[in-house]
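Asker: Sequence and predicted structure are below.
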Amino acid sequence: MKPKKNQELDLKKNSALYFSIGIAAVMLLTYIALEWKTFYESPEHIASLDVPDTLDEEVPLTFQKLPPPPPPKIQAPPVIEIIEDDPNIEDSVIASTETDHTTEIIPIDDIEVADNDIPDEVSFIVIEDVPIFPGCEGADDKRACFQEMMQKHIRKNFRYPEPAQEMGLQGRVNLVFTIQKDGSINDVKMRGPHKILETEAARIISKLPKMTPGKQRGTPVKVPFAIPITFKLQ
């Protein structure tokens, strides 16, 4: 059967060839457009700086005349003044402190002996009889009982100041106080991060009860005691 269409007039006959040629032409034009460069002539009035590769500068030689050194200072010799002897002046005699057979011996009964050599103040660590906190009279270890009762007293009377809470103040207040010879508390000294905390720590110590004074060789003495109080916000 003879086909109806003319094969020579068929548009799809060489479509693949035409498509390839079109693609190649587009890519060539795109490459030329991207690689095209244009150069402009720079105007003649633009300044340029011509700097040589090396700079050789001859430094002129200068001569400075220094002043002569000052002459050495010559001190005059001291003037020695000779004073004539005054017959009215008596020379002091330096007595010898060495003993010999002519030295008088003082009787032993005439030598004054101190009643005792007990110091007026003894540290809590080395004192023989520590101060007795009320409630520790029958304790075997009165030193440990004293420290335990001190901690209980601080916890019982502790109160965080409201201004310190609002200001966010916290830290440690180091306290030192002295248990006097009559058992009272005195000479309270403190150091802390803020005056408010120091005042509260002093208030707690002021509520301590009267104690049995510490003794050294059976004699009441002053006993200093140090303890820290820590203020910490939860």
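Answerer: Thanks, I have the structure now. Note that the structure is predicted; figures quoted are calculated from it, not measured.
Asker: Every contact and neighbour count from this point should use C-alpha atoms.
Answerer: Noted.
Asker: wait, isn't Val176 in contact with Ala226?
Answerer: Yes: at 4.3 Å, Val176 counts as touching Ala226 under the criterion of CA atoms under 8 Å.
Asker: Compare these two (neighbour count), which wins?
Answerer: Higher neighbour count among Val176 and Ala226: Val176, with 17 against 14, using other CA atoms under 10 Å.
Asker: Okay, buried residues for the strand or helix carrying Thr199 please.
Answerer: For Thr199, the element it lies in under DSSP states H and E is helix 195-206. Buried residues in helix 195-206, defined by neighbour count with 16 or more other CA atoms under 10 Å: 197-198, 200-202, 204-205.
Asker: tell me what that helix is packed against?
Answerer: Counting contacts by 3 or more CA pairs under 8 Å, 6 or more residues apart in numbering; DSSP states H and E, helix 195-206 packs against helix 142-157, helix 162-167, strand 171-179, strand 185-191.
Asker: possible to save these as TSV with distance to Val79 and mean pLDDT?
Answerer: As requested, those are arranged in TSV below (distance: least, CA to CA, whole Å; pLDDT from 0 to 100):
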stretch	distance to Val79	mean pLDDT
helix 142-157	75	91
helix 162-167	75	89
strand 171-179	64	91
strand 185-191	62	90
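Asker: Out of the ones you listed, which gets nearest to Thr30?
Answerer: Ranking those by proximity to Thr30 (CA to CA) places helix 162-167 first, at 74.2 Å.
Asker: name the helices or strands packed onto that closest one?
Answerer: Under the contact definition 3+ CA pairs under 8 Å, 6+ apart, helix 162-167 sits against helix 195-206.
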